[in-house]
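> no sequence for this one, just the structure:
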């Protein structure tokens, strides 16, 4: 109930909307309209897997718009993820309600968890399926129950259908079954093959569908652009910031991150020596830290592969690294609770409780600030400045058939219900190359605007698309007349089109 309330407060202005969010919402709307799994422009969905838009559409079965349904979906996911994390710590602590309470408090006070659940992103659903998969997988490793293996594989398949990086979970699960199961080698090979086949099969069908309908499996090209030192530095900085309270200076954040890594190594060593031989742990998900660690290694490895060969524009931000944060903390807390049980010393138990509660209290100060900011201002395209924007109101007043080019076509589609096309980009961030056809594309855009009496809408609130030309660049080099000009942006018409409007 608290998790649902927090999401409802954080999304006062609507569920947070980023460019990816507008695609998810647009596809969900098309599913509700019985148009199929297609983008708002009508082309087949390929760049993203289908499960998250399908979930938003399913939540709108009673007639609500997916944009409104997303608030309830994410409230449920925040509650479910927090509850299952609490259950994980309940098992790791020897079925102690204190462990369940600690886990729930730790994650419901997490600013990272609030951030990703307050925006229409697929990460909360991905974390949900991954958590269920790893819990079931740990149960199988300890008990060899085939039903748990099948459940883990099905949950992995659902995670894969939520995000393409779910391939890391399929790879990790297959490896964990072979490495950690106590069955004979031949049986482990057979179980690993069964897990891999079930977890990958639905995605294979999806990619075949994409290939047949759109001519591409994932809408990504294989081009070599190795990970840069700046990206690695950004990843480490983000992970350090997520592990430390927001008010900590960078050196403290880095120190906490390194201390966590050292604690992780020491905990695994102690676990191997002290806990592994204890039969009392055989039914309490003692294999979860090992399985989750394999998953994190596979996740980071495939993330590096994706950046190096498929999408160089992938940011090393809180969103992309949120699974690392969530499952990294899961591993640390599970190992701490298991070591507390192994040593059976009161001071150790008190220390674990004190550290978790202290970390949670430190998070609350950041959480309070973030929650207030979301309540007062909203997030991205759902923020207050977008909701009351005169630029958006001006676009909404245009005739529905007006041709629109913009640096914010996703925002105009979701907020003004007007389809728009992206202006040509100077630089292709996905492959780190200059656009060789920029001048030709700009000329074609201007000719189309003049012929069809279209408009070019430039939103000043878009400050992250550095690869696009600026408004000043467009005005200096193109025959444009401003028909609207404000702090939030401009609405331009081609000079020939504007002159035609002035003729009697």
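Structure's in. What do you need? Since the model is a prediction, treat every value here as computed from it, not as a measurement. Numbering: from 1, shown residues only.

> drop to CA atoms for contacts and neighbour counts, all remaining ones
OK.

> how long is stretch 310-321 from one end to the other?
18 Å (CA to CA, to the nearest Å).

> any idea of the mean pLDDT in that stretch?
In this model, stretch 310-321 carries a mean pLDDT of 85.

> Run the chain-centre distance for that stretch.
Offset of stretch 310-321 from its chain centre (CA atoms, centre = their mean, to the nearest Å): 10 Å.

> Could I get the buried residue list for the helix or strand residue 450 falls within?
Per DSSP states H and E, residue 450 falls inside helix 438-452. Neighbour-count burial for helix 438-452, counted by 16 or more other CA atoms under 10 Å, picks out 442, 445, 446, 448, 449, 450.

> same thing with stretch 94-110?
94, 99-110.

> In CSV: these, plus pLDDT.
Output for these, formatted as CSV (pLDDT from 0 to 100):
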residue, pLDDT
94, 79
99, 79
100, 84
101, 84
102, 81
103, 81
104, 86
105, 88
106, 85
107, 87
108, 90
109, 90
110, 89
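
> Redo those residues as a markdown table? Include secondary structure.
Shown next, in a markdown table, are the buried residues of stretch 94-110 (DSSP: H, G, I helix; E, B strand; the rest coil):
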| residue | secondary structure |
| --- | --- |
| 94 | coil |
| 99 | helix |
| 100 | helix |
| 101 | helix |
| 102 | helix |
| 103 | helix |
| 104 | helix |
| 105 | helix |
| 106 | helix |
| 107 | helix |
| 108 | helix |
| 109 | coil |
| 110 | coil |
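
> Report pLDDT for the spatially most central residue of the chain.
In the chain, the centroid-proximal residue (CA atoms, centre = their mean) is residue 123; its distance is 3.5 Å. Residue 123 is assigned a predicted lDDT (pLDDT) of 96.

> how near is the closest residue to it other than its chain neighbours to residue 45?
The shortest distance from residue 123 to any non-neighbouring residue, by CA to CA, 6 or more residues apart in numbering, is to residue 116 (6.8 Å). Counting by CA to CA, the gap from residue 116 to residue 45 is 23 Å.

> what's the average pLDDT for whichever helix or strand comes after the helix holding residue 450?
Sequence order places strand 455-459 as the next helix or strand after helix 438-452, per DSSP H and E. Confidence over strand 455-459 (mean pLDDT, whole number) is 92.

> Next: stretch 147-160.
Mean predicted confidence for stretch 147-160 is 97.

> for stretch 173-189, same thing?
Here stretch 173-189 scores 92 as its mean pLDDT.

> Could you work out the end-to-end span of that stretch for me?
The straight-line separation of the ends of stretch 173-189 (CA to CA) is 12 Å.

> Where does pLDDT dip in the stretch 251-400 of the chain?
Low-confidence segments of the stretch 251-400 of the chain (pLDDT under 70): 251-283, 340-349.

> ranges for the helices of it?
Listed in chain order, the helices of the stretch 251-400 of the chain (DSSP state H, counting those that start in this stretch) span 288-309, 318-343, 346-377, 384-387, 390-396.

> For my notes, please list those helices in a markdown table and give mean neighbour count for each entry.
Putting the helices of the stretch 251-400 of the chain into a markdown table (neighbours: other CA atoms under 10 Å) gives the following:
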| stretch | mean neighbour count |
| --- | --- |
| helix 288-309 | 20 |
| helix 318-343 | 21 |
| helix 346-377 | 16 |
| helix 384-387 | 18 |
| helix 390-396 | 18 |
